[in-house]
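Colleague: Sequence first, predicted coordinates after that:
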Amino acid sequence: MGTRPDAPVLAAVNGTEASLRALDWAADEALMRGRSLRLVYAFDWPLYHRVPQSVPEFSAERLARDVVEEAAQRAEKRAPGLTTAAVYKVGDATPILLAESAEAELAVIGSRMQSRLGALIFGSTAMELAVAGRCPVVVVPDREPEPPVGRVVVGLDGSASARAAAAWAFAAAARREAALRAVIAHEPVSHRLMGRWEAPVRDGSEQAELEEAAREARRLLSESLAGLREHHPQVEVEESAVPGHPAQVLADASAHSDLLVVGSRGRGGFTGMLLGSVSQSALAHASVPVAIVPSDPH
């Protein structure tokens, strides 16, 4: 991750409407952070290396140059005074952007249009950057942004990744002069053989399990926020321990916010997963930009 004072905000562009929405978000963020904005267009058309240079009125380089120049003009119009660098590189987009992310403070990329099911259809580049980016990655949904409401939501679960997400979310809320809602989901903690998949026993034990799960959730929530309030005393914090599946809880909580922040990996899921199932669900279903924060960007 770029930790230098001059590490830029990286925006992946390709001329599509989705990437232009992400570019707008990245320009605002770079200006807010006092950072420069680096625009990168990576392309590798199937026929690029086989199209003769003599084909009339065709130039891949000219087309790529037009994409980055138009993106730079849009960013400068969006955020006057912002220092912007725009480049295009021939090659597969994923390794190029992953290499660029190692020198960036933050990487921003757009998603595709929403499907009829309401879930975002992610291209492989956006997902792979979220999975393996060397810095925090923000995925911006391809939809008209709502007016700011002054609220950042962070999903927590007591993991090291969630702790990193909480620290990042506090800083994001402070920059925006926004409130921070810290959310943790909890489900009944069963000690029976089949756990939560077993049919509940209607003998009062179900309520006891719910109360136990809620207490444990509140404890993990407090641990995740410990010490962070002191660093950002100006940030108003709301702590919410909500019953339900984490993916659904976060989707509901983020509906009325400006930004959802999650860690790259949580306590659940399969050992070795690079991006936790809840984080993947947040990317697919959130209606606002989602920041994926790794606990160890290296």
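Modeller: Yep, it's here. Residues are numbered from 1 along each chain as shown.

Colleague: tally of neighbours for the residue lying closest to Glu236 once chain neighbours are set aside?
Modeller: In space, and not counting its chain neighbours, Glu236 is closest to Ala179: 4.4 Å by C-beta to C-beta, 6 or more residues apart in numbering. Where C-beta positions appear, they are placed from N, C-alpha and C, glycine not excepted. Number of residues near Ala179 (other C-beta atoms under 10 Å) recorded here: 16.

Colleague: ok, now the one 4 residues further on?
Modeller: One way to gauge burial is a neighbour count; for Val183, by other C-beta under 10 Å, it gives 23.

Colleague: and the residue nearest to Glu236, how far is that from His285?
Modeller: 22 Å (C-beta to C-beta, to the nearest Å).

Colleague: same deal with Glu17?
Modeller: If you measure Glu17 against His285 using C-beta to C-beta, the figure is 20 Å.

Colleague: Show me which of the two is the more surrounded one.
Modeller: Shown here are Glu17 and His285; by other C-beta under 10 Å, His285 has more neighbours (21 against 11).

Colleague: Just confirm that one contacts Ala251, I think it does.
Modeller: Yes - His285 lies in contact with Ala251 (C-beta atoms under 8 Å); the separation is 4.7 Å.

Colleague: Check which residues of whichever helix in the chain runs longest are buried.
Modeller: Secondary structure of the chain per DSSP state H: the longest helix is helix 205-225. Of the residues in helix 205-225, Glu209, Ala213, Ala214, Ala217, Leu220, Leu221, Ser224, Leu225 count as buried by neighbour count, 16 or more other C-beta atoms under 10 Å.

Colleague: out of these, which one sits closest to Leu31?
Modeller: Checking these against Leu31 by C-beta to C-beta gives Leu225 as the nearest, at 28.4 Å.

Colleague: on that earlier part again, in JSON lines: the buried residues of helix 205-225, plus distance to Val90.
Modeller: Below are the buried residues of helix 205-225 laid out as JSON lines (distance: C-beta to C-beta, whole Å):
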{"residue": "Glu209", "distance to Val90": "57"}
{"residue": "Ala213", "distance to Val90": "52"}
{"residue": "Ala214", "distance to Val90": "54"}
{"residue": "Ala217", "distance to Val90": "49"}
{"residue": "Leu220", "distance to Val90": "47"}
{"residue": "Leu221", "distance to Val90": "47"}
{"residue": "Ser224", "distance to Val90": "43"}
{"residue": "Leu225", "distance to Val90": "46"}
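
Colleague: for the residues you listed, which one is nearest Ala241?
Modeller: Distances from Ala241 to the buried residues of helix 205-225, taken as C-beta to C-beta, are shortest for Ala217 (4.2 Å).

Colleague: Please write out the alpha-carbon positions of the helix or strand of the chain with the lowest mean pLDDT in PDB.
Modeller: Sorting the helices and strands of the chain by mean pLDDT, DSSP states H and E puts helix 277-285 at the bottom, at a mean of 76. Only the C-alpha atoms of helix 277-285 are listed here, as PDB (Å, rounded to 0.1, in the frame of the first residue of the first chain):
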ATOM      1  CA  SER A 277     -18.600 -14.200   2.000                       C
ATOM      2  CA  VAL A 278     -20.200 -11.200   3.800                       C
ATOM      3  CA  SER A 279     -17.900  -8.800   2.100                       C
ATOM      4  CA  GLN A 280     -18.800 -10.400  -1.300                       C
ATOM      5  CA  SER A 281     -22.400 -10.000  -0.500                       C
ATOM      6  CA  ALA A 282     -21.900  -6.400   0.500                       C
ATOM      7  CA  LEU A 283     -20.300  -5.700  -2.900                       C
ATOM      8  CA  ALA A 284     -23.200  -7.400  -4.700                       C
ATOM      9  CA  HIS A 285     -26.200  -5.900  -2.900                       C
END
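
Colleague: following it, which helix or strand comes up?
Modeller: Using DSSP states H and E, the helix or strand that directly follows helix 277-285 along the chain is strand 290-293.
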